[in-house]
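**Q** Give the three-dimensional model of this entry:
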Amino acid sequence: MRYIMFMIPAVYGSDADPMPSAEEVEAMMDYNAALAEAGILESLNGLHPPTSGMRLEFGPDGPQETTSPSVGAVGGYWVLNVESHEAAVEWARRCPAMSGDVLELRRIQEIEDFDEDVQEVLEKFDL
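**A** Here you go, the predicted model:
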């Protein structure tokens, strides 16, 4: 089963520099290497701070461009393929996150999770 882990850095809600130090990057890369060595890492990426992004909010007048809020913004993600929910949680607990950071772990929907009629619709698309 596949899971996505979102890193929500506490630094995005503060005046601190959002870019990690060399020591923080090394600790995270050691963690990423362990995920890869375990054969469960499908992909990962860090994201630029939310100040460099934008949002589209959809309302009755269509999409409106807004700035991205900093507090609670995602700073990066991992996609893991593990044997169980418990295994995903155990790997999440090993992440070298900083004090105040939040790691959100969510299972990725697979075609088998849907009712048969929805699966038939999904199977029409080769995406």
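**Q** From here on, just use CA atoms for contacts and neighbour counts.
**A** Will do.
**Q** Could I get the full set of helices for the protein?
**A** 22-37, 85-93, 116-123 (DSSP state H).
**Q** May I see the ones you listed organised as JSON lines, with mean pLDDT, distance to Gly76 and mean neighbour count added?
**A** Output for the helices of the chain, formatted as JSON lines (pLDDT from 0 to 100; distance: least, CA to CA, whole Å; neighbours: other CA atoms under 10 Å):
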{"stretch": "helix 22-37", "mean pLDDT": "97", "distance to Gly76": "11", "mean neighbour count": "14"}
{"stretch": "helix 85-93", "mean pLDDT": "98", "distance to Gly76": "13", "mean neighbour count": "14"}
{"stretch": "helix 116-123", "mean pLDDT": "95", "distance to Gly76": "28", "mean neighbour count": "11"}
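**Q** I'd like these laid out as CSV, including distance to Ser99.
**A** Listed next are the helices of the chain as CSV, based on distance: least, CA to CA, whole Å:
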stretch, distance to Ser99
helix 22-37, 12
helix 85-93, 13
helix 116-123, 41
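**Q** Next one, pLDDT for Pro69 please.
**A** On the pLDDT scale, Pro69 is placed at 76.
**Q** gap between the residue lying farthest from the centre of the chain and Ser68?
**A** The centre of the chain is farthest from one residue, Asp61, which by CA atoms, centre = their mean lies 30.2 Å away. Shown here: Asp61 relative to Ser68, a distance of 20 Å by CA to CA, to the nearest Å.
**Q** can you pull the contacts of Met1?
**A** The neighbours of Met1, taking CA atoms under 8 Å, 6 or more residues apart in numbering as the test, are 81-84, 107-108.
**Q** could you measure it against Pro96, distance?
**A** According to CA to CA, Met1 and Pro96 sit 23 Å apart.
**Q** All good on my end, thank you.
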